[in-house]
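# no sequence on this one, just coordinates:
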């Protein structure tokens, strides 16, 4: 079976072309939180033809996530089955493409996630926390003799706990050296992001799950030259959760384009 997951080289390429592969997750008790009231748990998040769909256990934890994503699955549809330990922490994530993710905890906080293809550890991700918020994510790639840092995301969080600036660092061929590849400035609304509940799981997939919803992203190249700008116009449900959003994308010298986000609840 062709492996589709967790190709750090592809992630680096996507990051260079303007996608923030990760966003801030607030540190939480790993014993889990009570599930939200009915009709507020996210069932599906769709961005164009990419999506993530959730199936839940009786306690509201994720049983399975079905994902179609350029970043994570190379646009294939892949199921992720989630296992938990006695403390209700994620202990393992297995995919139908054969890869496995195993988080590692220190003092009840996720500090690393190992990615395996069969018995081989192909990559791992280190998580650095500051004042209870995620400060840095560093991805290391198995180079045979050793692991080399390939990609890093450095976050600046505002008082609300949202990542208002993400600096992307990338390896350009020099061992153990990361160079600035660009940054993204983000503005947020004050409405709840329904994916935030699953921020620890999404952290393992290098997917964004900030506390609130982005309304504007300004992307900059390594030399600080402006690149793409994303503007989000949301329609909200009566309970404040987003129902859909129109996204306008402006790129220098290119026609303006649009895309759509959709949120489905159960």
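Perfect, thanks for sending it. These numbers come from a predicted model, not from an experiment.

# going forward, measure contacts and count neighbours with C-alpha atoms only.
OK.

# wait, residue 216 touches residue 186, no?
Yes. In terms of Cα atoms under 8 Å, residue 216 counts as a neighbour of residue 186; the distance is 5.6 Å.

# low-confidence regions, this structure specifically.
1-39, 208 (pLDDT under 70).

# longest strand of it?
strand 179-192 (DSSP state E).

# list the strands paired with it, with their directions.
Paired strands of strand 179-192, with direction, are strand 163-170 (antiparallel), strand 212-221 (antiparallel) (DSSP bridges).

# let me have those strands in JSON lines, extended by mean neighbour count and distance to residue 57.
Shown next, in JSON lines, are the strands paired with strand 179-192 (neighbours: other Cα atoms under 10 Å; distance: least, Cα to Cα, whole Å):
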{"stretch": "strand 163-170", "mean neighbour count": "24", "distance to residue 57": "30"}
{"stretch": "strand 212-221", "mean neighbour count": "20", "distance to residue 57": "25"}
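
# distance to residue 192 for these - can I get that in CSV?
Converted to CSV, the strands paired with strand 179-192 look like this (distance: least, Cα to Cα, whole Å):
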stretch, distance to residue 192
strand 163-170, 15
strand 212-221, 5
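
# nearest to residue 80, out of those?
Closest approach to residue 80 among the strands paired with strand 179-192 is made by strand 212-221 (24.5 Å; Cα to Cα).

# helix or strand next in line after that closest one, which one?
strand 226-236 (DSSP states H and E).

# distance from that following strand to the middle of the chain?
18 Å (Cα atoms, centre = their mean, to the nearest Å).

# likewise for stretch 227-242?
Worked out by Cα atoms, centre = their mean, stretch 227-242 lies 18 Å from the chain centre.

# check which residues of it are buried.
Going by neighbour count (16 or more other Cα atoms under 10 Å), the buried part of stretch 227-242 is 227-232, 234, 241-242.

# now those residues in TSV, with distance to residue 95?
Output for the buried residues of stretch 227-242, formatted as TSV (distance: Cα to Cα, whole Å):
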residue	distance to residue 95
227	35
228	33
229	33
230	31
231	33
232	31
234	32
241	29
242	29
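
# okay, which residue is most central for this protein?
By Cα atoms, centre = their mean, the chain has its centre lying nearest to residue 207, at 1.2 Å.

# of all the strands paired with strand 179-192, which lies closest to residue 83?
Here strand 212-221 is closest among the strands paired with strand 179-192 (Cα to Cα), at 27.1 Å.

# where along the stretch 51-200 of the chain do the helices fall?
Using DSSP state H, counting those that start in this stretch, the helices of the stretch 51-200 of the chain run over 70-73, 199-204.

# tell me which of those lies nearest to residue 136.
That would be, of the helices of the stretch 51-200 of the chain and by Cα to Cα, helix 199-204, which comes in at 11.8 Å.

# so what's the gap between the closest one and the chain middle?
With Cα atoms, centre = their mean, you get 7 Å for helix 199-204.

# can you mark which positions in that helix are buried?
199-204.

# cool, stretch 239-259 as well?
241-245, 247-250.

# cool, and stretch 49-67?
50-54, 61-67.

# how about those in JSON lines, adding distance to residue 262?
Converted to JSON lines, the buried residues of stretch 49-67 look like this (distance: Cα to Cα, whole Å):
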{"residue": "50", "distance to residue 262": "11"}
{"residue": "51", "distance to residue 262": "9"}
{"residue": "52", "distance to residue 262": "11"}
{"residue": "53", "distance to residue 262": "12"}
{"residue": "54", "distance to residue 262": "14"}
{"residue": "61", "distance to residue 262": "22"}
{"residue": "62", "distance to residue 262": "20"}
{"residue": "63", "distance to residue 262": "22"}
{"residue": "64", "distance to residue 262": "20"}
{"residue": "65", "distance to residue 262": "17"}
{"residue": "66", "distance to residue 262": "16"}
{"residue": "67", "distance to residue 262": "15"}
